[in-house]
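*Asks:* Turn this into a structure:
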Amino acid sequence: GPLRGWYAGPNVHAGQTLLNDDGPDWATMFYHAASDGELAAGAAQVVLHTDSKQLALHWRWLHKLGSGETHWRKVDSAESAAADSPLIVALDVDTLDDAVAAVERLGPTVIWYKLGHHLLTQAGSDVTAYLTSIGKRVFLDLKLHEIPSAAAAAVRQARDLGVSAVSAHASGGRPMLQACADAAGAELHLWALTVVSGLDDEEIRAVGFQEDAGALSVILAELAVGAGADGIIGSPREAGPVRSALDDPFEIICPGIRTTSDLQDDQARHATPSFAASQGASRMIVGRPILQAESPRDAATAILAEFG
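*Replies:* Numbering: from 1, shown residues only. Prediction:
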């Protein structure tokens with residue numbers, strides 16, 4: 001009979017139904033669930049292991065050599081609902097072991113994790129494979145700024161890893177952003193970075209821009225959303241003007257979120273969770289205030305409560 005419930009795995013995130021009562025055959029359903037039609041040309045046999053709540057997918061290609069097995073993990077309704085959490089934890093640690101330890105401490109409180117250049121350089125795709133295998137959503141903060149073809153190729157590779165979001169610099173220009181949006185398709189969020197939150201107005205002028213952070217953020221946000229990005233990344237201090245300036249529906253993801261007791265660091269334009277929410281932020285990126293807390297899970301819960 002049909003399998004019902006929520007499943008998470010390399011290409012299906014918590015919150016998506018894997019099968020329904022009157023759905024088509026396995027291979028076709030997995031085509032709809034997978035990114036880039038991974039199993040579109042394959043035949044699949046699925047076995048549910050009720051003891052471990054895992055779904056084993058045994059598959060083979062019809063038109064080329066190859067076979068394998070993919071495991072899917074059943075998730076509960078609370079984790080499924082948490083997939084839309086506004087909190088993204090910046091996993092700014094040194095090694096894969098450090099990342100696993102941090103994720104285990106946070107447990108089901110956190111679903112979204114940001115991977116930046118630091119951890120990606122050391123752990124590469126191992127850390128993305130670990131996070132997606134346990135049902136977490138991954139934001140690859142690549143900050144792409146390249147010629148369109150190279151940037152789009154990177155986005156396609158990110159999509160094939162099963163991650164949920166990837167970033168590019170809005171200042172990379174309209175052709176690059178359009179190429180990235182086309183490569184991302186419907187499966188992957190493309191979030192465009194407007195102005196790095198570590199820069200103040202003086203530093204922004206030093207790199208050649210005439211506008212202050214607020215005006216430049218609006219210009220780049222309009223460019224990015226018009227080119228197909230479905231969200232922008234920017235300081236909470238510029239979130240309000242950006243939200244007011246654009247009519248299109250889009251997400252605003254704010255880094256530089258700090259609690260009141262932790263406002264002195266290398267983020268020049270930081271703000272509290274409540275301020276970010278009041279300015280129209282959709283999601284917030286938080287690292288050190290959670291990872292370095294005595295109880296990371298309690299810190300994450302408190303930040304979520306303040307965001308509202």
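*Asks:* for the protein, what are the low-confidence residue spans?
*Replies:* Applying pLDDT under 70 to the chain picks out residues 1-83, 260-269.
*Asks:* hey, where'd the helices end up in it?
*Replies:* 26-33, 77-82, 96-106, 117-123, 125-133, 148-160, 174-184, 201-206, 213-227, 236-245, 273-278, 288-291, 296-307 (DSSP state H).
*Asks:* Any chance of JSON lines for these, columns mean neighbour count?
*Replies:* The C-beta positions use only the backbone N, C-alpha and C, and glycine is treated the same way. JSON lines is the format used below for the helices of the chain (neighbours: other C-beta atoms under 10 Å):
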{"stretch": "helix 26-33", "mean neighbour count": "18"}
{"stretch": "helix 77-82", "mean neighbour count": "16"}
{"stretch": "helix 96-106", "mean neighbour count": "16"}
{"stretch": "helix 117-123", "mean neighbour count": "16"}
{"stretch": "helix 125-133", "mean neighbour count": "18"}
{"stretch": "helix 148-160", "mean neighbour count": "18"}
{"stretch": "helix 174-184", "mean neighbour count": "21"}
{"stretch": "helix 201-206", "mean neighbour count": "14"}
{"stretch": "helix 213-227", "mean neighbour count": "21"}
{"stretch": "helix 236-245", "mean neighbour count": "20"}
{"stretch": "helix 273-278", "mean neighbour count": "20"}
{"stretch": "helix 288-291", "mean neighbour count": "20"}
{"stretch": "helix 296-307", "mean neighbour count": "18"}
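*Asks:* I'd like these as CSV, with distance to Thr259 appended.
*Replies:* Output for the helices of the chain, formatted as CSV (distance: least, C-beta to C-beta, whole Å):
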stretch, distance to Thr259
helix 26-33, 38
helix 77-82, 21
helix 96-106, 16
helix 117-123, 22
helix 125-133, 25
helix 148-160, 31
helix 174-184, 33
helix 201-206, 25
helix 213-227, 22
helix 236-245, 13
helix 273-278, 8
helix 288-291, 5
helix 296-307, 7
